[in-house]
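Enquirer: the following comprises the amino acid sequence and a computationally predicted model.
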Number of protein chains: 2
Amino acid sequence: MNHLSHFVHTLPDTAPKTARGQKTWVRILEAAEQEFGEKGFHDAAITGITQRAGVAMGTFYVHFKSKEEIFRTLIVHMGKLTRSWIGQRVAEAPSRLEAERMGLQAFIEFVRQHKNLYRIVNEAQFVAPEAYRDYYAAFSQAYQRRLDEAVGRGEIEPGNNEHRAWALIGASVFLGQHYGIWDDSVDLQDVTSNVGDLIVNGLSRKGDGKTDNKGDRE
Amino acid sequence: MNHLSHFVHTLPDTAPKTARGQKTWVRILEAAEQEFGEKGFHDAAITGITQRAGVAMGTFYVHFKSKEEIFRTLIVHMGKLTRSWIGQRVAEAPSRLEAERMGLQAFIEFVRQHKNLYRIVNEAQFVAPEAYRDYYAAFSQAYQRRLDEAVGRGEIEPGNNEHRAWALIGASVFLGQHYGIWDDSVDLQDVTSNVGDLIVNGLSRKGDGKTDNKGDRE
DNA sequence: TTTCAATATGACGGCTGATTCATGTCTTGG
DNA sequence: CCAAGACATGAATCAGCCGTCATATTGAAA
């Protein structure tokens, strides 16, 4: 909720000029996050947003051109917020492999604390496809860069890090959906240590040293 | 497109009684897939569906109770279709590990051939959440069962297969989104062999035999 | 051939909700 | 203090489209 006070740092070029205007701008955006998060884009009403914000209908259009515009603004902001949260947590990791586990954990925790945000981002796929792609493209690029660096340091096996990044992001998103939104009672440590192991070691049996996937017996 | 003739096998209890009625039922469903796929649920119009189907407005309501009902019908059908497609392809796999690669490949191919379906299923998250959860729950259960069996046969390392299943499904879905919908020019073999290797062997360097993720140097 | 349940029709009622606009009230620089 | 721009107001406008209904047609069983 009050993470949205971060909006203060995201004031666009079209930002309100006066302190009064800025305060209203932020309050409308906060209200929009709740409204969109609870009802979804289509069921959300401008009047719902303005009522939550305690302003009149018309005030909305003083600050935003349309329902879609405020939605896009929200997406951009949330991308920044999520990446900075995870980046901070992952920065403490001793190695890339450990970072995988910590990043996953940080992500699901974040989802649990920002269910509205999560829903809004997902819905962007249909409401604002450009914003949605940009959102994940930013994640993917950051992820790839980290993987590249880890390969450079010899921490992980070389491989196509773009493909890897999308696969790992997808895994995180679905785990976030399942264990963050649908069932937030599950112990996170449990999930992340299991999946962390999957990411680090894969499914294959330890000890038969097999790396190729060709020609099994039978 | 003509995969929808499979609808014939999905006739519900409320199905039309006569051959004429069934034919109409199927045509409306086919039309709905196109309309929803192209415009999304909210921008899709009943008149759009009936025009594509070549029937009058009212005919729609002879066969379906509402816009949402036909949408849910579509989701259920598509779940069956997808699982059967992948199941068939995966059945030919010599081992669970190879099945992972083949399953991923089959899935992305399927997505490329059914972009409408893909969009509709994703949108179900907001239009028909129950149907959406059921859709993925069915996948997850099937996936878990296969992993359990593979563990039983000693093909893969034991671990929490529920967590694994969600992670792997998420990876597939995102790879499908990226390499199936957004960029379908990429060579699939390339993607699936890379990601297949990630799933089977993980990120860790081969040869340092490390299995734990505790206490690295530095 | 007769009958009637199943199926088809499409104009219309009704509601919702985004956006506009004409009119006020602040706030600030000079 | 006083413009003049910035900001706020909310009733009115306007458009879209879901779902209903009274009526017509079909076709298969009797």
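Expert: On my side now, so go ahead. Please read all numbers here as calculations on a predicted model, not as lab measurements.
Enquirer: low-confidence ranges, chain A, go.
Expert: Residue ranges of chain A with pLDDT under 70: A:1-14, A:207-218.
Enquirer: let's check: the centremost residue of it is which one?
Expert: Centroid check for chain A by C-alpha atoms, centre = their mean gives residue A:82 as the closest residue, at 4.9 Å.
Enquirer: wouldn't that one be in contact with residue A:117 here?
Expert: Yes - if you go by C-beta atoms under 8 Å, residue A:82 and residue A:117 touch, sitting 7.4 Å apart. The C-beta positions use only the backbone N, C-alpha and C, and glycine is treated the same way.
Enquirer: got the contact list for the closest residue to DNA strand D within chain A?
Expert: Residue of chain A nearest DNA strand D, by C-beta to the nearest atom of the strand: residue A:58 (1.7 Å). Neighbour list for residue A:58: empty [criterion: C-beta atoms under 8 Å, 6 or more residues apart in numbering or on different chains].
Enquirer: so it: helix, strand or coil?
Expert: For residue A:58, the secondary-structure state derived from DSSP: H, G, I helix; E, B strand; the rest coil is helix.
Enquirer: separation between it and residue A:27?
Expert: Using C-beta to C-beta, to the nearest Å, one gets 15 Å for the distance from residue A:58 to residue A:27.
Enquirer: repeat that for residue A:158.
Expert: Going from residue A:158 to residue A:27 by C-beta to C-beta gives 50 Å.
Enquirer: neighbour-wise, which of those two wins?
Expert: Using other C-beta atoms under 10 Å in any protein chain shown as the criterion, residue A:158 and residue A:27 rank with residue A:27 on top: 20 against 11.
Enquirer: separation between the more buried one and residue A:54?
Expert: 7 Å.
Enquirer: over to residue A:157?
Expert: From residue A:157 to residue A:54 the distance is 55 Å (C-beta to C-beta).
Enquirer: okay, these two: which has more neighbours?
Expert: residue A:157 (17 against 11).
Enquirer: how about the more buried one: what's its closest non-neighbour residue?
Expert: residue B:205 (5.4 Å; C-beta to C-beta, 6 or more residues apart in numbering or on different chains).
Enquirer: just to check, the one you found is in contact with residue A:158?
Expert: No - applying C-beta under 8 Å, one finds residue B:205 not in contact with residue A:158, separated by 9.3 Å.
Enquirer: tell me the domain ranges of chain A?
Expert: Annotated domains of chain A cover A:2-64, A:69-201 [automatic domain parsing].
Enquirer: pick the most deeply packed of the ones you listed.
Expert: Counting by mean count of other C-beta atoms under 10 Å in any protein chain shown, domain A:69-201 has the highest mean neighbour count of the domains of chain A, with a mean of 19.
Enquirer: what sits against residue A:166?
Expert: Taking C-beta under 8 Å, 6+ apart, one finds A:140, B:171, B:174, B:175, B:178, B:179 in contact with residue A:166.
Enquirer: now do the helix or strand hosting it against helix B:161-176, angle only.
Expert: For residue A:166, the element it lies in under DSSP states H and E is helix A:161-175. Helix A:161-175 and helix B:161-176 are oriented at 130 degrees to each other (axes from the mean of the first three to the mean of the last three C-alpha atoms, to 10 degrees).
Enquirer: next SSE downstream of helix A:161-175?
Expert: helix A:188-201.
Enquirer: packing partners of that next one?
Expert: If contacts are counted by 3 or more C-beta pairs under 8 Å, 6 or more residues apart in numbering or on different chains; DSSP states H and E, helix A:188-201 sits against helix A:96-113, helix A:161-175, helix B:161-176, helix B:188-201.
Enquirer: DNA strand C: which of those is closest?
Expert: Closest to DNA strand C of those, according to C-beta to the nearest atom of the strand: helix A:96-113, at 26.2 Å.
Enquirer: angle of that closest one against helix A:188-201?
Expert: 140 degrees.
Enquirer: whatever helix or strand comes next after helix A:96-113 vs chain B: in contact?
Expert: Using DSSP H and E, the helix or strand that follows helix A:96-113 towards the C-terminus is helix A:115-127. Yes - Helix A:115-127 lies within reach of chain B by C-beta under 8 Å from any C-beta of the partner chain, at A:122, A:123, A:125, A:126.
Enquirer: all good on my end, thank you.
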